[in-house]
Structure formats: C-alpha cells, structure tokens
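Asker: my questions are about this predicted structure, shown below with the sequence.
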Protein chains: 2
Amino acid sequence: MLNKVLIVGAGLIGGSFALALKAAGAAAKVTGLGRSPASMARALELGIIDEVAATPADAMRGADLVLIAAPVGQTGAILASLLPYLEAGTIITDAGSTKGDVVAAARAALGERVAQFVPGHPIAGRETNGPDAAIVDLYRGKKTVLTPLPENPPAAVERVAAAWQACGAIVHRLSAQEHDTVFASVSHLPHLLAYALVDDVAHKPHSALLFQYAASGFRDFTRIAGSSPEMWRDISLANQTALLAELDDYLAQLTRMRTMLIERDGASLEAVYANARRARCRWIEAIETAEAPAPAASEE
Amino acid sequence: MLNKVLIVGAGLIGGSFALALKAAGAAAKVTGLGRSPASMARALELGIIDEVAATPADAMRGADLVLIAAPVGQTGAILASLLPYLEAGTIITDAGSTKGDVVAAARAALGERVAQFVPGHPIAGRETNGPDAAIVDLYRGKKTVLTPLPENPPAAVERVAAAWQACGAIVHRLSAQEHDTVFASVSHLPHLLAYALVDDVAHKPHSALLFQYAASGFRDFTRIAGSSPEMWRDISLANQTALLAELDDYLAQLTRMRTMLIERDGASLEAVYANARRARCRWIEAIETAEAPAPAASEE
C-alpha cells in the first residue's frame, strides 16, 4: 500500500490512474497538483483526488509515488519545480507518449537524482480529456511500457510496475529508443495522417458537400484526429527524428502506389491491399486470442 | 410491390438489399444470379433469395428491378450478358462505389437501352462480405446516392428510389462526376491510405514488435484495410482520375507538415491539428443531430 500518491495533472490519464489505485486499495491518499484550479476542483469533486496541493512543497511532502500526467513538453519544467522538495524515499514516473525526450529532460532537470525517475507510458488513450474523462478501468488489460534507466534501483522500477499492475495493466519493458521507434510507427504517424486528412478535406472549397457524404469508414479512420492538438504537437516535436523517418517511409509507399495508379497496375495495387488485409487480420486474431479469458483452472 | 427482383451477387450489399425489401413487403420474389454456385446456395439457405437462376435468360424473365451488386470492374460484362433478355418493363440499377466508369460501361454495353439503367450507390459498407454478412437493417438511416442519366424516364428513377426507401435508406441525387469527386475524397483515398500504412508496417523488419504495441488508435485507423482487396482495386482504377487528384492534394499536405516537423514549427503543426479536430467535432455533431430521433408529433 502506498501512503501518498501525487498526480501532476488530473485528466484522463492521471485521473484514471488515481481512480484505479484507490479502487484496488493500493493508495491510502491521492494528492493532486495542476496548473488549472478548475480542473483540480473538479477532480476533488469527482473523488479522483483526496486533496489539492497548494504548492509543490506541500505536494511532494511524504509522497511515495509521483505520476506526471501532462503534455510531454512540460515534463522538464515540472520535474525542475519538484526537485527542491524531492525526498529520498520518493519515486517519480510519467505517462508521456515519448520517452527519449522525457529521459533527456529528466536528466537535465534532475541531475544525479534521475535515479529516482522511472520513465513510463501507459498504452491507453482515447480522444477525450479532463477529469470528467477519467474512468476506473482505463488501464485494465492494457499494456504499460516502462523504459527504466541504468541508474534506477530495481526497487524503484518495482514500485512503479506494482502501481500499474494494481491498475490492471500488463507491464512491459523496452529501451527508450525502441519505445520511440515503435510508437512513431503505430501511433504517432497514424495521428499525423488522420489530422492531415481532416484538415485537407476541411480546406477544400466544397468541404460541406464532402462532410455530408463522409460515412463510417471516414469516421473510424479519423477518430484519432479528435485528440488534443497541444498534446500531439508536443509528441510530434518530442519524437521528431523517429516520426520523420516513419513519415518518409510512408511517403515513399504512397509514391509507389501513385505510380501503380497512374500505370493502372491493378495487380500491384491489389497485392498491397491484400497484404495489408492479411497482416491486419493476423494481428486482430492475435489480439483476440490474447484478450480471450483464460480457461478455468481444473479443480482436481 | 415489385413482383420480381433480381440481385446479381448475393453478398453483403445485394443480400442486405434483398432481406430489407422482403422485410418491408416490397418484393414478392427475389431471384439470385451469381458466379459462385456456393454463394448462391448459401443465400438460398439463409432466405436471402427465393430461387437461384440457372441462366441470365431465366434470371431476367419478368424482373421489375435488377440490382447489380458485384465489383465495379464487372459491371459492363454483367450488363452485356443481361441485355439479350432485357424486357421493356425492367429497370436495372447498381450498387457500385464509383459512377463515372459504371455509366461509361453501361452506355457501351446497353447502347440506347441505357435509358433502363439508373446508376446508384448505397453508402453503407463494412469490411465483411459474402451472404453471411448480409443483414436486414444495413441501409436503415443510411444514404443511397442515385446519379440518374438524362435518358432515364422519371418513373424509372422513382422505381429505384422507392426500393431503396423501402430498405430504410435516404435517397440523394448527384451527378456521376460530383459523386466520384466526393467519394474519392472521403472514402477511396482513406481506404488507400489505410492499406498503405498496414502494408508499410508489415514490411518492416521489426513488424512483429510493431504489431505487438499497436493499440485502439491503430485499430480504428486501419479498420477499412480489412475490406476486399479485389473490390478496392476495382474502385481505385475505376475512379483513377479523381483519386489521383485527391492523393496529390494529400501528398502536398504531408509534404507541408514534413517541413513543419523538420523546422520544429510547433505552432503550424498545432494549427493543422486544431483545425482538423474542430472540423471533425462539427461534423460529428451534425451527424448526431441528424441521427437523433425526431421529437414526437403533438397530439393536439
């Protein structure tokens, strides 16, 4: 049981973490610290946090675990503001969608005390935010990736892993660089592509007609373009190198397909479509197998 | 009430049309004609059709309405095979996702009897197909776009419109060219983009790791890449000109965003993301308003 958990930011990510820890009986008290007094008041009202900290000093006093759940661009400044009050027994983690930049910011802000910072990323997003979006089971059955530092004592990593497990998450470990390459490909690029399409359509002179006939395919394809622009600006810049590499691969792919279209090369187009469909079907089957309930243990 | 409806192809689109017409009491008999005897037998077994036609001559005898629900690339050949048996009282329509090429194929196949062909496109897809995918309410509340020809008598267009309305669809009219421009933008391009991304990811050397961390955003973004490769090859080629124009606009958009990324121009990136989010929210609100149940009529 953690005596005191501090969440910096009480929106979807931080708020759901707090709700899940409390529901699991894994935290005696959750304190909130945030830049918006209205959000903090709402989080208190919703029972997400037990108290609002007036200052970083109050917030950090006696905290066992601190989760930073704010746009990744703010991580360095938040860590710098907490450092003067960082006690020896406190472990800090974060929920940022990029890890290379967060590690660099943490090293710059914390110096040798970076040993008390265990970087993390829960893989559970949705396009809503704010305290009202927080739900107790957001992390249940979802992955949380930790990217521990060489300086982290094993017990520090364990404390963070145990908290996520108490929320129902499955904890994985990757290096920060592996993490950023993987998520540039399967998350950051798709977000950029979805935003790009909706903005493109919205700028056309006949956009009203276009939106009139957009249907469920367009709706699902662009769901992630409903996400927070500020958060995704930060992620795009924070993971710039990996995202650019993925974007360039994708542009090369589209350029090849453009040539197939111009040359009316139906066989090559169909091969791309069929390979994509096969790969996606295999992936969905793997997910469904992984998420299927385990067979009941024999009672013999 | 139509005495005899012929569906050419008894998969998701043709099968759902047949089920809805029968449920509405709008067709006394539905006959099926198709290239796969197994699919026809299954459609009969499922009660989608009342009989399987052995030949085009049998199929067309006494038909009031014919729906061609097959990949668009086959439309011309199907129409040519039906023409010798086309009675004066029969109206043919189709469900193809492109209209310019279908109109050209119909004119080439039917000559002056193209007056009996009313092109159409129900806007109701999903990534399943075959007779088992057919459902009675696929078209309920959805749009069906008709792109009538100057040669079509008003009564012919009305017969097709009334059949779709009996299925619960809301009938719209566009020119074939308007139709193709609109759907290149909001349907055909997103399909190409989703297929492109999954194929790209599947070809990377670390694709197993990538798919392991792909989550709900990737799943929704790529849902349409589960669609039929043959059908989408045909659509891509059939609507080549409009699709290329949309793809080029999109490539220009991605190239602008690539420059923003390289220059770390967070303000411009955020402006694109925020505009996309606003446009999408407005669109979703408009859909939800349109789909909300009408207020009950006053009884006074």
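Answerer: That came in fine, so what should we check first? Nothing here was measured: the structure is a model prediction, and the numbers come from that model.
Asker: how many residues are close by A:T31?
Answerer: Neighbour count for A:T31, taken as other Cβ atoms under 10 Å in any protein chain shown: 24. No exception for glycine: its C-beta is placed from N, CA and C like everyone else's.
Asker: for it, name its beta-bridge partners.
Answerer: Beta-bridge partners recorded for A:T31 (DSSP bridges): A:L6, A:E51.
Asker: can you pull the contacts of it?
Answerer: A:4-7, A:49-53, A:58-59, A:63 (Cβ atoms under 8 Å, 6 or more residues apart in numbering or on different chains).
Asker: got the CA coordinates for stretch A:29-46 in CSV?
Answerer: As requested, the backbone C-alpha atoms of stretch A:29-46 are provided in CSV (Å, rounded to 0.1, in the frame of the first residue of the first chain):
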residue,chain,number,x,y,z
LYS,A,29,-4.2,9.1,-0.2
VAL,A,30,-4.0,10.7,-3.6
THR,A,31,-3.0,14.3,-3.9
GLY,A,32,-3.4,16.5,-7.0
LEU,A,33,-1.2,19.2,-8.3
GLY,A,34,-2.0,21.0,-11.6
ARG,A,35,-1.9,24.3,-13.4
SER,A,36,-5.7,24.6,-13.7
PRO,A,37,-7.5,25.3,-10.4
ALA,A,38,-10.8,24.5,-12.1
SER,A,39,-9.6,21.0,-13.1
MET,A,40,-8.2,20.3,-9.6
ALA,A,41,-11.5,21.4,-8.0
ARG,A,42,-13.4,19.1,-10.4
ALA,A,43,-11.1,16.2,-9.7
LEU,A,44,-11.7,16.7,-6.0
GLU,A,45,-15.4,16.8,-6.5
LEU,A,46,-15.3,13.6,-8.6
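Asker: next one: it to chain centre, how far?
Answerer: 20 Å (Cα atoms, centre = their mean, to the nearest Å).
Asker: pLDDT on that stretch, on average?
Answerer: Model confidence over stretch A:29-46 averages 96 on the pLDDT scale.
Asker: got the buried residues for that stretch?
Answerer: Buried residues in stretch A:29-46, counted by 16 or more other Cβ atoms under 10 Å in any protein chain shown: A:29-34, A:39-40, A:42-44.
Asker: ok, how many other residues are close to A:G89?
Answerer: Applying other Cβ under 10 Å, I find that A:G89 has 10 neighbouring residues.
Asker: residues in contact with it?
Answerer: If you count contacts by Cβ under 8 Å, 6+ apart, A:G89 has them with A:D64.
Asker: now the spatially most central residue of chain A, what's its secondary structure?
Answerer: In chain A, the C-alpha closest to the average C-alpha coordinate belongs to A:S97, at a distance of 4.3 Å (Cα atoms, centre = their mean). Classification of A:S97 using DSSP: H, G, I helix; E, B strand; the rest coil returns coil.
Asker: for the stretch 1-150 of chain A, which spans come out with low pLDDT?
Answerer: By pLDDT under 70, the low-scoring segments of the stretch 1-150 of chain A are A:127.
Asker: how about the residues of it by chain B?
Answerer: On the criterion Cβ under 8 Å from any Cβ of the partner chain, chain B has as its neighbours in the stretch 1-150 of chain A the residues A:123-126, A:142-143, A:145.
Asker: of all the residues you listed, which two lie farthest apart?
Answerer: Using Cβ to Cβ, the two most remote members of those are A:R126 and A:V145, lying 17.7 Å apart.
Asker: which of these two has more residues huddled nearby?
Answerer: The neighbour comparison of A:R126 against A:V145 (other Cβ under 10 Å) goes to A:V145, with 23 against 17.
Asker: who's the more buried one bridged to?
Answerer: A:H121, A:H172.
Asker: got a list of what it touches?
Answerer: A:V145 makes contacts with A:120-123, A:171-174, A:179, B:213, as judged by Cβ under 8 Å, 6+ apart.
Asker: can you check A:L2 too?
Answerer: With contact set as Cβ under 8 Å, 6+ apart, A:L2 has these partners: A:21, A:26-28, A:64-65, A:159, A:163.
Asker: picking that back up, mind giving me the ChimeraX select for the contacts of A:V145, buried ones only?
Answerer: One line in ChimeraX is enough to select the buried members of these, burial here meaning 16+ other Cβ under 10 Å:
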select /A:120,121,122,123,171,172,174,179 /B:213
